[in-house]
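Peer 1: here's my sequence, what's the structure:
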Amino acid sequence: MIRKSLLCTLIALGAASPALAETYVIDPGHTQVRFGYSHFGLSDIVGIFAGVTGEIVYDPTKPEASSVKATIPIADVHTGVAKMDEHLRTADFFDVATFPTASFTSSKVEVAGEGKLKVTGELKVRDISREVVLDVSLNAMKDHPMTQRASIGFNASTELKRTELGVGKYAPNVSDEVSIEITVEASVPKA
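Peer 2: Next comes the predicted model:
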């Protein structure tokens with residue numbers, strides 16, 4: 001009788017305890033950083049950085065304790081125009097020979113509504129770091145249908161000024177303001 005009562009108490013305590021933070025590894029094949037800017041006011045150019053790596057620590061019961069750390073391979077920039085991609089990789093812009101990656105490390109996560117977060121962190125491009133705030137929406141948190149592992153998906157957006165990150169060539173004719181759209185898929189690693 002005592003053993004059964006103790007077991008029931010332990011089960012009840014386990015059910016009442018909050019979920020623990022989970023660490024998710026970013027899937028580079030299903031994560032993209034998209035950017036857009038105005039080219040001399042004549043066209044709106046878009047591009048993608050693919051191959052993003054990193055991890056997300058997320059606790060749905062205490063989102064403010066969450067964190068993000070990501071590395072963006074700048075050399076993997078794609079605009080759909082090979083000549084433009086080559087130019088973006090030069091010292092005029094990203095100088096990928098010297099700075100092959102950019103990084104983002106969160107410093108604060110705030111709840112901004114149902115399924116919404118504001119994630120503040122340091123974005124480092126070239127050798128320059130700037131604080132940015134991402135507006136984040138939770139897409140889904142579930143077992144991945146193919147891998148059966150716990151997975152999470154987010155979309156995020158922000159606006160940046162190229163000149164503040166050392167990639168301001170031709171500004172303001174080529175717009176200084178750049179819109180950033182991010183989509184992230186991440187999963188708990190295999191045991």
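Peer 1: for the residue nearest to residue 128 when sequence neighbours are not counted, give me its contacts.
Peer 2: In this structure, residue 128 finds its nearest non-sequential neighbour in residue 166, 4.7 Å apart by C-beta to C-beta, 6 or more residues apart in numbering. To be clear about C-beta, it is placed using only N, CA and C from the backbone, and glycine gets the same treatment. Applying C-beta atoms under 8 Å, 6 or more residues apart in numbering to residue 166 gives the contacts 125, 126, 127, 128.
Peer 1: for residue 107, what are phi and psi?
Peer 2: phi -120, psi -20 (degrees, to the nearest 10).
Peer 1: ok so residue 83 is a helix residue?
Peer 2: Yes. Residue 83: assigned to a helix according to DSSP: H, G, I helix; E, B strand; the rest coil.
Peer 1: what about the strands in this structure?
Peer 2: Assigned by DSSP state E, the chain shows strands spanning 22-26, 32-39, 43-50, 53-58, 67-73, 77-78, 101-111, 116-125, 128-143, 150-161, 177-187.
Peer 1: so how far is the last one from its chain's centroid?
Peer 2: Between the mean C-alpha location of strand 177-187 and the chain-wide mean there is a distance of 6 Å, by C-alpha atoms, centre = their mean, to the nearest Å.
Peer 1: can you check the fourth one too?
Peer 2: Distance, stretch centre to chain centre, for strand 53-58: 8 Å (C-alpha atoms, centre = their mean).
Peer 1: which phi and psi does the residue nearest to residue 128 have?
Peer 2: phi 80, psi 20.
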